[in-house]
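Asker: Based on what follows, work out the 3D shape:
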Amino acid sequence: MKTFKASQELIDILLTYGFVEDTHINYPEHAARLKADPYDPSHMKRHFVFKGTREKLHFDYVNMYLPTGGNTMSFTTDELKSLIAFCRLSATDRTALTDERYQALSIPEIISDVKRHPYIYSKSVYKRAKLQFEKIPDIN
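Answerer: As a prediction, the model looks like this:
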């Protein structure tokens, strides 16, 4: 399984799947440097928001801060798909999942929980999360 770190490749994928960069608002000095120099995660910050939501993804150099809290230095393919699927859910569904202590990268965990215990995990929000996850084609 491929791993994605803070890079231009990851940014291109995020932009393709609905994120919008707003680095110029949050980090104007880093946005100005991006106009002159190629992106270097070791020396530049980036900031993204998912269209139509308040879900934000923050690249603090090589650390990536998630919409539901927490941070990571890399995403697996499934985690990246989970992040995109989570952001595509309605605000109500995102809130319901975070109230159940799931995070933006937890949709694969939800899918396995539902398969193991279908009667316990019968909420329709789990089904909608699974459906959103499965709608996203494999990311290479």
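Asker: Going by C-alpha atoms from here, please, whenever you check contacts or count neighbours.
Answerer: Noted.
Asker: which residues does residue 40 contact?
Answerer: The contact partners of residue 40, by C-alpha atoms under 8 Å, 6 or more residues apart in numbering, come to residue 7.
Asker: mind running it again at 10 Å?
Answerer: For residue 40, the contact set (C-alpha atoms under 10 Å, 6 or more residues apart in numbering) comprises 6-8, 34, 61-62.
Asker: for it, phi and psi?
Answerer: phi -130, psi 110 (degrees, to the nearest 10).
Asker: how about the helix or strand that residue 83 is a member of as CSV, C-alpha atoms only?
Answerer: Taking DSSP states H and E as the definition, residue 83 sits inside helix 77-88. Extracted C-alpha coordinates of helix 77-88, given in CSV (Å, rounded to 0.1, in the frame of the first residue of the first chain):
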residue,chain,number,x,y,z
THR,A,77,-4.1,5.0,0.5
ASP,A,78,-7.1,3.9,2.7
GLU,A,79,-6.5,6.8,5.2
LEU,A,80,-6.4,9.3,2.3
LYS,A,81,-9.6,7.9,0.9
SER,A,82,-11.1,8.0,4.4
LEU,A,83,-10.2,11.6,4.8
ILE,A,84,-11.9,12.5,1.5
ALA,A,85,-14.9,10.4,2.2
PHE,A,86,-15.3,11.9,5.7
CYS,A,87,-15.2,15.4,4.3
ARG,A,88,-17.8,14.5,1.7
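Asker: Give me the mean pLDDT for that helix.
Answerer: Per-residue pLDDT over helix 77-88 has a mean of 97.
Asker: On the C-terminal side of it, identify the next helix or strand.
Answerer: Sequence-wise, the next helix or strand downstream of helix 77-88 (DSSP H and E) is helix 91-99.
Asker: returning to that earlier point: I'd like the contacts of residue 40 written out as TSV, with pLDDT added.
Answerer: Putting the contacts of residue 40 into TSV (pLDDT from 0 to 100) gives the following:
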residue	pLDDT
6	96
7	96
8	96
34	91
61	96
62	96
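Asker: What subset of these is buried?
Answerer: 6, 34, 61-62 (16 or more other C-alpha atoms under 10 Å).
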